[in-house]
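Participant: Sequence first, then the predicted structure:
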Amino acid sequence: EQANKTALDQKLKVHPSGEEGSNGNHLGPDGKNGVQSMASVAQTITFIRRISKRTGKKEPDEFLQRLNFGAPADIKENKPLSTKDKGWNCLINFFCHFVFDPFSDIYYYWLSIISLAVLYNFIIIPARVSFSELEQGNFFTTWMIIDILADVLYVLDFFASFRIGFLERGLLVTDTAQLSKKYVKSMAFYIDIFSIIPTQIVYVFSLSVRSAYIAPLIRLSKFFKFHRLIAWNDRTECRTSLPTLWRVVTLFTIMLMVMHWNACLYFFLSTTVITQDEDDVQNRSLFIYPWHKYPNGTDNKFANPAMKYAVSLYWSTQAMTTIGEMEQPEELWEYIYLTIIFLIGVMIFASVVGSIGNIITNLRANRSVFQDRLDHLKEYMGYRNVGKDLQNRIIRWFDYLWAQNHTFEEEDVLKYLPDKLQAEMAIHVHLATLKQVELFQNCESGFLIALVLKLKHQVYSPGDYVCRKGDIGREMFIVKQGMLQVTADDGRALATLSDGSYFGEISLLNVGKNGNRRTANVRSVGYSDLFCLRKEDLLHALNDYPEMREVLKEAARKKLNLNNQSPRPETPEAARQKLARDAKPQQDEDTTENERRISFTNSVELADTLGKRLEDLEKLVLTLAREVKTTNRHVVSLQKQLSSVYPNSRGSPDERNSSDSDS
């Protein structure tokens, strides 16, 4: 579009003189107006196209579609409407078969509208009962209109409740007869019937009653619709991304609502139920609302409706929080009423303190766990006398984790989800990184899912070596964020790795002559976020998908060959030198191999010779043992013969020694 616009501007360009265009054509005033009109039309069309692209439906991601992680398919097929189904028949057919999905956005929005009507009744009805000024003048017309609208919403919600679906065996029930039967048997059916009683008609006829508070009291039946307000609050807490903040708002709303009711009840008791002599102002109880007239009969500041509600709400807050000094009760009913208010206030205060304590604890739970780990590590480093430089690096690493919100343990968060949802969540979270990894472009969806579930997040500090040349490779890495350098042994930067790059698969798959050894040094330039895949996890996935082994090896070989290729063309002299350099290591390698073979052969021959000599020695030892055994037998036989020849040869020791010597 930009190129077309530029070409159009070049074609329609007119010189300031207005006589000749850039293409040599002569244009008069009419021609210039036509050119300007055409340019305006072209710009309008371009603008409309841009707007249509922005506001159009978002195209599904091809990467997610290949993994079957696109938008869920609809169970029901939308059939095209025939001619007879259009118009009123289509509208009637829609309402006859429409069913609320309790988990849909439409049902949630409908609950929100009904909740507004319920909140209106909860706030306004007690105020209208207590403060008679709200039933006079323009207030009366306003309340009548809003009451009618709220009653209409109540009736619509009553009929809509017959079409609220529910799950049975994991499927949404849409049978209208079954839905109606379930609703009629529930307690909500009777509550809704009681809440839609046409009290507005009775309210209009009761306006002639002298007591002004009788008419609003008739609408107290609208309070029974509060179960819809509870359902809306539960769904909002599940949907919001700030559940802790929503709990705080809900807690304070309930507390203010109770104080509002108590303020209305206090003013109602002070001005309607309790009757005291209006002329005896001096003896009037200080516990009830102050008298709103001066002795001469004119209104004082307490006669203002806003002042009435403000004083009542202040008294209610003071009584329920037991903060500040209050007037001493005088009558029996005052003692009973204030005692009840104190008990309710204690329960509310305990609930508020406990809830706020839990909320604050939850707000700082992640920070507390993180700080405890850092404190324990600091104590350990101090106990072990770790150097200050290393301590500062570790502390900066922790600071980076907290700043980048990397303190969440993904395994603990996702462990309650099934494997399918865990994989889908992981792929959606890391989609931007995985789409840049060339290695995953030709992988099967099942194999990619198995790998994604095994990825571990790691963070490296500036200057840290992720791997060194010659180390045994036990994992491969994928760069999520950051910059790394492939360095030589002398520290020179050979290549730069950025988001979506991967390395370490060559040693992991035993590709090349180095086997499972690292082929290069990789160093982190700044803070780098990497995904780590261990060798055991990769081999486990390859056992399930053996055909992917060759795919990964082929990609690793291409990468290895690409790294070994020279980026510049070689001259003949350089080629001869390179050939000589390549031939010399090959010759040295052949020589080393021959020497190793000769050494191995000599070792085998030496072992054979040594074995033969050991066998000869063993035979000699056996022969010597037999000769010694034979000699022993001869000696014993000779002793027996001598004993028989010299039976009386038992003399002195000297004689025996001489005899032994002779023998």
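Facilitator: Received, thanks.
Participant: quick one: the helices in the stretch 101-250 of the chain?
Facilitator: 105-130, 138-160, 176-184, 187-195, 199-205, 214-217, 226-239, 243-268 (DSSP state H, counting those that start in this stretch).
Participant: Specify the angle between the last one and helix 105-130 in degrees.
Facilitator: Taking axes from the mean of the first three to the mean of the last three C-alpha atoms, to 10 degrees, one finds that helix 243-268 is oriented at 20 degrees with respect to helix 105-130.
Participant: which other helices and strands contact helix 243-268?
Facilitator: On a contact count with 3 or more C-beta pairs under 8 Å, 6 or more residues apart in numbering; DSSP states H and E, helix 243-268 meets helix 105-130, helix 226-239, helix 305-321, helix 332-363. In short, each C-beta sits where N, CA and C put it, glycine included.
Participant: closest to Asp175 out of those?
Facilitator: Shortest distance between Asp175 and those, using C-beta to C-beta, is found for helix 105-130: 17.6 Å.
Participant: Okay, angle between that closest one and helix 305-321 too, please.
Facilitator: Angle, helix 105-130 to helix 305-321, by the same axes, to 10 degrees: 100 degrees.
Participant: Point out where the stretch 451-600 of the chain drops to low pLDDT.
Facilitator: Counting by pLDDT under 70, the stretch 451-600 of the chain shows low-confidence ranges at 512-515, 562-600.
Participant: sorry, back to before: rebuild the helices and strands packed on helix 243-268 as TSV, extending it with mean pLDDT.
Facilitator: Supplementary listing: these in TSV, determined by pLDDT from 0 to 100:
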stretch	mean pLDDT
helix 105-130	92
helix 226-239	91
helix 305-321	86
helix 332-363	82
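Participant: between these, which one is nearest to Leu417?
Facilitator: With respect to Leu417, and counting by C-beta to C-beta, the nearest of the helices and strands packed on helix 243-268 is helix 226-239 at 15.6 Å.
Participant: Distance-wise, check Cys264 relative to Ser445.
Facilitator: Distance from Cys264 to Ser445, counting by C-beta to C-beta, to the nearest Å: 63 Å.
Participant: and if you look at Ile360?
Facilitator: In this structure, Ile360 and Ser445 are 44 Å apart, going by C-beta to C-beta.
Participant: can you check Thr631 too?
Facilitator: 87 Å.
Participant: The two - which one has more neighbours?
Facilitator: Set side by side, Thr631 and Ser445 show unequal neighbour counts under other C-beta atoms under 10 Å, the larger going to Ser445 at 13 against 10.
Participant: nearest spatial neighbour of Ala423, skipping sequence neighbours?
Facilitator: Nearest-residue entry for Ala423: Ile449, 4.2 Å, with adjacent residues in sequence omitted and distances by C-beta to C-beta, 6 or more residues apart in numbering.
Participant: Secondary structure element for that neighbour, which one?
Facilitator: Ile449 is part of helix 445-452, with elements assigned from DSSP states H and E.
Participant: contacting residues around that helix?
Facilitator: Outside of helix 445-452, the residues within contact range by C-beta atoms under 8 Å, 6 or more residues apart in numbering are 66-68, 423, 426-427, 430, 434, 440, 443, 533, 537-538, 540-541, 544-545, 548.
Participant: Packing partners of the helix or strand following it?
Facilitator: Towards the C-terminus, the helix or strand next in line after helix 445-452, according to DSSP H and E, is strand 456-460. Taking 3+ C-beta pairs under 8 Å, 6+ apart as the contact definition, the neighbouring helices and strands of strand 456-460 are helix 388-403, strand 528-534.
Participant: Can you redo the helices of the stretch 101-250 of the chain as a markdown table, where the extra columns are distance to Asp471 and mean neighbour count?
Facilitator: Compiled in a markdown table, the helices of the stretch 101-250 of the chain are given as follows (distance: least, C-beta to C-beta, whole Å; neighbours: other C-beta atoms under 10 Å):
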| stretch | distance to Asp471 | mean neighbour count |
| --- | --- | --- |
| helix 105-130 | 53 | 18 |
| helix 138-160 | 67 | 15 |
| helix 176-184 | 65 | 14 |
| helix 187-195 | 67 | 15 |
| helix 199-205 | 82 | 14 |
| helix 214-217 | 82 | 18 |
| helix 226-239 | 48 | 15 |
| helix 243-268 | 45 | 17 |
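Participant: For Glu325, which of those is the nearest?
Facilitator: Counting by C-beta to C-beta, Glu325 lies closest to helix 243-268 out of the helices of the stretch 101-250 of the chain; the figure is 16.9 Å.
Participant: Just the mean pLDDT for that closest one, thanks.
Facilitator: Across helix 243-268, the average pLDDT comes to 88.
Participant: can you check stretch 218-225 too?
Facilitator: Stretch 218-225 comes out with an average pLDDT of 86.
Participant: try stretch 152-168
Facilitator: Here the mean pLDDT over stretch 152-168 is 90, rounded to a whole number.
Participant: Residues in contact with it: which ones?
Facilitator: By C-beta under 8 Å, 6+ apart, the surrounding residues in contact with stretch 152-168 are 98-102, 107, 110, 113-114, 117, 172-174, 176, 179-180, 182-183, 188-189, 192-193, 195-196, 222, 225, 228.
Participant: Distance across it, terminal residue to terminal residue?
Facilitator: Here the two ends of stretch 152-168 are set 31 Å apart, with distance taken as C-alpha to C-alpha, to the nearest Å.
Participant: do stretch 235-251 as well
Facilitator: 16 Å.
Participant: same thing with stretch 539-552?
Facilitator: Terminal residues of stretch 539-552 are spaced 12 Å apart (C-alpha to C-alpha).
Participant: can you list contacts of that stretch?
Facilitator: By C-beta under 8 Å, 6+ apart, the residues outside stretch 539-552 that reach it are Leu439, Asn442, Cys443, Glu444, Gly446, Phe447, Ala450, Leu451, Lys454, Glu505, Leu509.
Participant: Next up, the contacts around the last one.
Facilitator: Contacts of Leu509 were listed using C-beta under 8 Å, 6+ apart, and they are Arg549, Leu552, Lys553, Ala556.
Participant: still on that earlier bit, can I get the helix holding Ile449 in CSV, CA atoms only?
Facilitator: These are the backbone C-alpha positions of helix 445-452, laid out as CSV (Å, rounded to 0.1, in the frame of the first residue of the first chain):
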residue,chain,number,x,y,z
SER,A,445,3.1,-32.0,18.2
GLY,A,446,3.3,-34.9,20.7
PHE,A,447,7.1,-34.7,20.9
LEU,A,448,7.1,-31.0,21.3
ILE,A,449,4.5,-31.2,24.1
ALA,A,450,6.6,-33.8,25.9
LEU,A,451,9.7,-31.5,25.7
VAL,A,452,7.8,-28.4,26.8
